[in-house]
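Novice: coordinates for the following, if possible.
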Amino acid sequence: VMWEHNLPRNRPRNVVSPANFLAWREGSRSFDAMAAFTQNRVTLTGAGEPQELSTLAVSANILDVLGVGPMLGRGFAQGEDREGSTRTMILSHAAWLRQFGGSTGIIGQPLTIDGAPVTVIGVMPRGFEIFGLPADALMPYQLPPQVPFRGRSLIGIGRMQAGVTRDQAQAEMEGVFAQVRSEQPDF
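Specialist: Purely as a prediction, here's the structure:
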């Protein structure tokens, strides 16, 4: 798990800025891969009564980093977390049963989330959670090409390279963040 340390507020486990996360991912060599997520709530319409869903907005590679995949359908493709890409979602097992009666025909079907079309591409295994956070669905966190250095909302996770220790990864990340801090001193 990767956090920012908010020194002025003495929060050693502070959520991460999307721009900082991207800089970490680009500058690190200690990790096979890094992913990020944040919690969100959305409104599902067009499938019975309107329903509020708890979601995790995730980087497209999160299932690869966690080493898990959907039990039905597919995971997110590279690029589905870029702004402007087709919107997709993966349902939790519980939401699949509750909202769609466990129908396998939901895969590939369009839904309306917050007034916009979203295609269901998968269903996660029963009991799947990230850090114990309940979620009815996973949706890509769509980032613009130039992410501004403002706002903090993400929790970062990473899979370290074989043979890399936590201390080695920590030292490397401190160096990567020192570079970010020199480029964005006011942030």
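Novice: which residue ranges of the chain form strands?
Specialist: 4-6, 11-14, 31-45, 51-58, 72-73, 88-91, 110-113, 116-123, 137-140, 155-160 (DSSP state E).
Novice: list of residues touching the first one?
Specialist: Going back to what we said before, that points to strand 4-6. 11-17, 20, 152 (C-beta atoms under 8 Å, 6 or more residues apart in numbering). (Each C-beta comes from the backbone N, C-alpha and C, glycine too.)
Novice: hmm, 7 Å instead?
Specialist: 12, 14, 16, 20, 152 (C-beta atoms under 7 Å, 6 or more residues apart in numbering).
Novice: disregarding residues adjacent in the polypeptide, which is nearest to residue 14?
Specialist: Closest residue to residue 14 apart from its sequence neighbours, by C-beta to C-beta, 6 or more residues apart in numbering: residue 6 at 4.1 Å.
Novice: and the one you found, how many neighbours?
Specialist: 13 (other C-beta atoms under 10 Å).
Novice: pLDDT weak spots in the chain?
Specialist: Counting by pLDDT under 70, the chain has low-confidence residues at 144-151, 186-187.
Novice: I'd like to know how far the residue positioned nearest the centre of it sits from residue 90.
Specialist: With distances taken as C-alpha atoms, centre = their mean, the residue of the chain nearest its centroid is residue 58 (1.6 Å). Using C-beta to C-beta, to the nearest Å, residue 58 is found at 9 Å from residue 90.
Novice: what residues are shared contacts of these two?
Specialist: Contacts common to residue 58 and residue 90, judged by C-beta under 7 Å, 6+ apart, are residue 138.
Novice: burial count for residue 113?
Specialist: Around residue 113 there are 19 residues (other C-beta under 10 Å).
Novice: ok, now which ones touch the closest residue in space to it that isn't next to it in sequence?
Specialist: In space, and not counting its chain neighbours, residue 113 is closest to residue 42: 4.9 Å by C-beta to C-beta, 6+ apart. Residue 42 makes contact with 53, 55, 113-114 under the criterion C-beta under 7 Å, 6+ apart.
Novice: scan the protein for its longest helix.
Specialist: Looking across the chain with DSSP state H, the single longest helix is helix 166-183.
Novice: so can I have CSV of the strands of the chain showing distance to residue 176?
Specialist: Shown next, in CSV, are the strands of the chain (distance: least, C-beta to C-beta, whole Å):
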stretch, distance to residue 176
strand 4-6, 12
strand 11-14, 17
strand 31-45, 11
strand 51-58, 22
strand 72-73, 35
strand 88-91, 30
strand 110-113, 34
strand 116-123, 32
strand 137-140, 24
strand 155-160, 12
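Novice: on that earlier part again, what residues are up against the residue nearest to the centre of the chain?
Specialist: By C-beta under 7 Å, 6+ apart, the neighbours of residue 58 are 35, 37, 138, 140-141.
Novice: which among these gets closest to residue 109?
Specialist: Distance to residue 109 across the contacts of residue 58 (C-beta to C-beta) is lowest for residue 138, with 16.3 Å.
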